[in-house]
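Asker: Sequence and predicted structure, then a few things I'm wondering about:
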Amino acid sequence: MREMKDSGVEWLGEVPAEWGFDRLGGFFSLRSEKVSDEDYAPLSVTKGGVVPQLSHVAKSDDHANRKLVCKGDFAINSRSDRRNSCGFASQDGSVSLINTICVPRGEIESRYFGYLFDSSQWSDEFYSWGHGIVADLWTTGWNDMKKILLPVPPLHEQRHIADFLDEKCAEIDRAVSAAERSVQEYVV
């Protein structure tokens, strides 16, 4: 049985004894370069990750007032009303200024961090570091976000965890797809 230790951080609970911890700012630096969506494809930061800009979102006529996001950057919407709207960019582009763009400082397994940042525990912790006057005007800025403590398994274990979760998610997707096909057979 694997030896566990108390992380000392409520949202993390117990973690394997050989794991370390570091602040988010130890893994990522801030990118805040402003660009135009005429030079960089407009992207949206959604609960499904960083995607080509959604057609139904409000758009500004100020095309130059966007943030640069590069392939491999982690983007997160800093507003509480967009909880869990985050992901690693699969392409270069531009996003709304409300997003925080984090550039990995060194070698990380982005899939591991993607799963971590997609958890409700992370979302709650991220929210708890925010400030505002009412819930829908609550924002977590970089100066607070970079202080959030993260669990740090060795890189090989980050990859192993991500591979395992990729496989399990694919199994679930196949089961859902089979169930949907089965329902369609009865409907038709």
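Answerer: All right, it came through fine. In this text, all values refer to a predicted model and were calculated from it rather than measured experimentally.

Asker: Walk me through the domains of this structure.
Answerer: In the domain annotation for the chain, the residue ranges read 18-152, 155-188 (automatic domain parsing).

Asker: pLDDT below threshold where in the protein?
Answerer: 58-61, 80-81, 135-136, 188 (pLDDT under 70).

Asker: now for the top helix by length along it, which elements pack on it?
Answerer: For the chain, the helix with the greatest residue count under DSSP state H is helix 155-187. Taking 3 or more C-beta pairs under 8 Å, 6 or more residues apart in numbering; DSSP states H and E as contact, the helices and strands that helix 155-187 lies on are helix 110-117. (Each C-beta comes from the backbone N, C-alpha and C, glycine too.)

Asker: Check which helices and strands the helix it packs on sits against.
Answerer: Helices and strands touching helix 110-117, by 3+ C-beta pairs under 8 Å, 6+ apart, are strand 74-77, strand 86-88, helix 155-187.

Asker: switch to 6 Å and redo it
Answerer: With contacts taken as 3 or more C-beta pairs under 6 Å, 6 or more residues apart in numbering; DSSP states H and E, helix 110-117 sits against strand 86-88, helix 155-187.

Asker: Contacts for that helix, please.
Answerer: Residues outside helix 110-117 that contact it (C-beta atoms under 6 Å, 6 or more residues apart in numbering) are 86, 88, 122, 158, 161-162, 165.

Asker: and the angle for it with helix 155-187?
Answerer: If you take axes from the mean of the first three to the mean of the last three C-alpha atoms, to 10 degrees, helix 110-117 sits at 70 degrees to helix 155-187.

Asker: sorry, back to before: what's the closest of the helices and strands packed on helix 110-117 to Ser128?
Answerer: Proximity to Ser128 (C-beta to C-beta) singles out strand 86-88 among those, at 15.8 Å.

Asker: Thank you kindly, that will do.
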